[in-house]
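1. got a predicted structure plus its sequence, pasted below:
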Amino acid sequence: QVQLVESGGGWVQAGGSLRLSCVASGGAFNYHAVGWFRQPPGKEREFVAGTSWNGGSTFTVDSVKGRFTISRDSAKNTVYLRMNSLKPEDTAVYYCAAARTRYSDYVKILSEYAYWGQGTQVTVSP
């Protein structure tokens with residue numbers, strides 16, 4: 001059973017940067033693709049970025065492309081989301097998740113994720 005804990009959220013002014021961390025324990029985390037999702041106030045959870053199980057391929061959605069970067073450090077059982085040039089519309093609770101199956105490429109579909117963290121709040125002021 002994989003347990004995930006996110007950290008690094010907070011308040012920042014538009015144009016600022018944050019780095020979110022997702023630290024795993026309790027399972028074969030390094031064999032699972034990992035994704036970052038976000039849930040803005042009053043909206044549904046949406047996929048933001050994903051990495052394959054070995055970090056060899058990554059994907060970011062168009063709305064954050066060029067501003068957000070996902071990476072993983074297997075030695076630390078950690079996946080990061082570096083967020084630059086933040087905008088007010090990036091305000092949301094950010095979640096990391098590990099895919100249900102092992103050895104997969106990045107996964108964009110929420111239902112394919114079995115393990116979730118508790119989320120970390122990111123607030124971007126104008």
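-> Ah, there it is.
2. tell me what the most centrally placed residue in the chain is bridged to.
-> Among the residues of the chain, the one closest to the centroid is W36, at 2.2 Å (Cα atoms, centre = their mean). Listed beta-bridge partners, W36: A49, C96 (assigned using DSSP bridges).
3. ok, it touching L81?
-> Yes: between W36 and L81 there is a contact at 4.7 Å, judged by Cβ atoms under 8 Å. (Each C-beta comes from the backbone N, C-alpha and C, glycine too.)
4. which residues do those two both contact?
-> Overlap of the contact sets of W36 and L81 (by Cβ atoms under 8 Å, 6 or more residues apart in numbering) consists of L20, C22, V48, A49, I70, Y94, C96.
5. K87: which of those is nearest?
-> V48 (13.1 Å; Cβ to Cβ).
6. and for the residue nearest to R45 when sequence neighbours are not counted, the neighbour number?
-> Residue nearest to R45 in three dimensions, not counting chain neighbours: Q39, with 4.3 Å by Cβ to Cβ, 6 or more residues apart in numbering. Using other Cβ atoms under 10 Å, Q39 has 14 neighbouring residues.
7. ok, back up a step: which residues does the residue nearest to the centre of the chain contact?
-> For W36, counting by Cβ under 8 Å, 6+ apart, the contacting residues are 20, 22, 47-50, 70, 79, 81, 94-97.
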